[in-house]
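Engineer: 3D model of this:
(one chain, ligands or ions: 1)
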Amino acid sequence: MARCSRHRLAELRAVLGGVAMRIQQESSRAACHEAAHAVLGVVLMRGVHFCDIVETADTETEKGNSGWTQFVNYETPKTAQGLLPFVICYYAGHAAQRLLFGMKYNESIAVCTMDWKLVEKMIASLPDDAKHSLRWHGIAEALLYVHRYRAPILELAEELLKYGRVNGDRVRQIVEAAR
Ligand SMILES: [Zn+2]
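Structural biologist: The predicted structure is shown next:
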């Protein structure tokens, strides 16, 4: 599938723990982004049905890779405290791109642009100060969780690059094996 993706991820694994790295590989970014949503979906919520990455026709530059993580159905909570795990899971994709690839949030929206809209929709009914605090709390926690669960995230990302789609049971297996 993607050129040198396993090698790139091995490089990433070698430098994790501090140094931010820029890697110009859209498919690896998409894989790590989706893997972060899915792993935290297992850790903080009821799990995921599957996650996948999709390559577009533009394989020459490998741009336009995107993906999808389908969380197990849930009812959106109404309080800031109840919403926090959801917000963390949604920001996890961006947090992974930030931590693993050194990307700014506004550079990472090529993948899974729905996140922002969903978070905005979820927190829309909260008062302004609660909204602000939940957003920043979610972003900070997402970075911490992605750092803490980086090993299963990278393992899942490698499987996504290999198979394109990984089901929820396998995601849970990877997370539990890493605990
Ligand atoms: Zn996403």
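
Engineer: over to P77. Which of the three states is it?
Structural biologist: What DSSP: H, G, I helix; E, B strand; the rest coil gives for P77 is coil.

Engineer: pretty sure it is touching L83, no?
Structural biologist: Yes: using CB atoms under 8 Å, P77 makes contact with L83 at a distance of 5.3 Å. Placement of C-beta: from N, CA and C, glycine included.

Engineer: looking at these two, which one has more neighbours?
Structural biologist: More neighbours surround L83 than the other of P77 and L83, with 22 against 13 (other CB atoms under 10 Å).

Engineer: looks to me like that one is in a helix.
Structural biologist: Yes: the assignment for L83, made by three-state DSSP, places it in a helix.

Engineer: ok, it - contacts?
Structural biologist: Neighbouring residues of L83 by CB atoms under 8 Å, 6 or more residues apart in numbering: T76, P77, M122, I123, L126, L134.

Engineer: state the helix or strand in which the last one lies.
Structural biologist: Read that as L134. Following DSSP states H and E, one finds L134 within helix 128-148.

Engineer: what is that helix packed up against?
Structural biologist: Counting contacts by 3 or more CB pairs under 8 Å, 6 or more residues apart in numbering; DSSP states H and E, helix 128-148 packs against helix 26-44, helix 80-101, helix 114-123.

Engineer: most distant residue from the centre of the chain?
Structural biologist: The outermost residue of the chain relative to its centre, with distances by CA atoms, centre = their mean, is P127 at 27.2 Å.

Engineer: next up, the contacts around the nearest residue to N167 once chain neighbours are set aside.
Structural biologist: Leaving aside its chain neighbours, N167 sits nearest to F50 (4.9 Å; criterion: CB to CB, 6 or more residues apart in numbering). Residues near F50 by CB under 8 Å, 6+ apart: T69, Q70, R165, V166, N167, G168.

Engineer: thinking the second one is in contact with M45, fair?
Structural biologist: It stands for Q70. No: applying CB under 8 Å, one finds Q70 not in contact with M45, separated by 12.0 Å.

Engineer: how much space separates the residue nearest the centre of the chain from K78?
Structural biologist: For the chain, the residue sitting closest to the mean C-alpha position, by CA atoms, centre = their mean, is G93 at 2.6 Å. Per CB to CB, to the nearest Å, G93 is found 24 Å from K78.
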